[in-house]
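Engineer: Okay, here's the prediction I keep looking at, along with the sequence it came from:
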Amino acid sequence: MLTLKESLKIIKKYRIPIVESYFSLEIEYLKNRIKNFDKAVLKVYSPDIVHKTEAKSVILDIRNKKELEKAYKDLLCNVFSYNKNSRIESFVLQKQINGLEIFVGGKTDNVFGKVIVFGAGGIFTEIYKDISIRVLPISLKDVEEMVKETKVYEILKGFRGKKFNLKSLFELILRSGNMFLKENIKEFDFNPVIINEKGVYVVDWRFIR
């Protein structure tokens with residue numbers, strides 16, 4: 001698993017739209033940033049934790065410095081209870097945004113090589129198995145088709161008046177495919193990705209070399 005520094009370098013290089021985030025091991029630095037958000041999320045970035053929900057290493061609905069300080073202490077307790085040898089590279093303070101959770105990822109197949117994956121996201125990705133796959137490289141037409149193949153597209157196209165920025169989603173998938181082809185990585189996950197009317201935002205990411 002790539003380090004946080006390595007991951008952010010790739011994200012910046014390919015202009016992957018991540019949610020507004022601050023990174024630090026120091027609580028005082030994070031306390032000075034909480035004022036930028038109405039509600040925030042605090043999580044840890046650790047090479048020893050693949051699924052953050054299993055390690056209880058994500059805390060939502062943080063509104064002020066007092067709640068942030070408590071969340072910081074709770075995360076430390078949760079992470080080391082999950083694995084006493086966990087290495088914490090950084091705490092990540094993020095803006096909490098509303099929208100639909102989706103998934104964009106890449107795998108290296110033994111036969112087809114690098115493939116891009118799209119589908120329903122969040123903690124139920126592996127349960128729903130609502131995914132569509134394409135062998136790289138891909139065109140905009142490929143991206144549009146693969147999104148329309150999924151069940152989650154029924155929501156994305158405007159279920160009960162909800163609006164989602166499909167143009168930004170297509171662009172994210174194209175950039176992700178280009179990134180995966182060019183970088184020396186075997187696998188990556190953007191999960192969840194939040195999509196709403198304004199745009200698309202990668203909330204959590206993982207790269208494996």
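Structural biologist: Received, thanks.
Engineer: Not counting its neighbours along the chain, what's nearest Lys163?
Structural biologist: Using C-beta to C-beta, 6 or more residues apart in numbering and skipping residues adjacent in sequence, the residue nearest Lys163 is Glu197, 4.4 Å away. Glycine gets a C-beta too; all of them are placed from N, C-alpha and C.
Engineer: so who does the one you found touch?
Structural biologist: Lys163, Phe164, Asn165 (C-beta atoms under 8 Å, 6 or more residues apart in numbering).
Engineer: Looking at the first one now. What's its pLDDT?
Structural biologist: Per-residue confidence for Lys163 comes out at a pLDDT of 92.
Engineer: three-state assignment of it?
Structural biologist: The three-state label given to Lys163 by DSSP: H, G, I helix; E, B strand; the rest coil is coil.
Engineer: Over to it: give its phi and psi.
Structural biologist: Main-chain torsions, Lys163, degrees, to the nearest 10: phi -120, psi 140.
Engineer: so what's the backbone phi/psi at the residue nearest to Lys163?
Structural biologist: Dihedral angles (degrees, to the nearest 10) for Glu197: phi -70, psi -30.
Engineer: Does Ser132 belong to a helix, a strand or coil?
Structural biologist: strand.
Engineer: Phe118 touches Lys148, doesn't it?
Structural biologist: No - in this structure, Phe118 is not within contact of Lys148 by C-beta atoms under 8 Å, at 10.3 Å.
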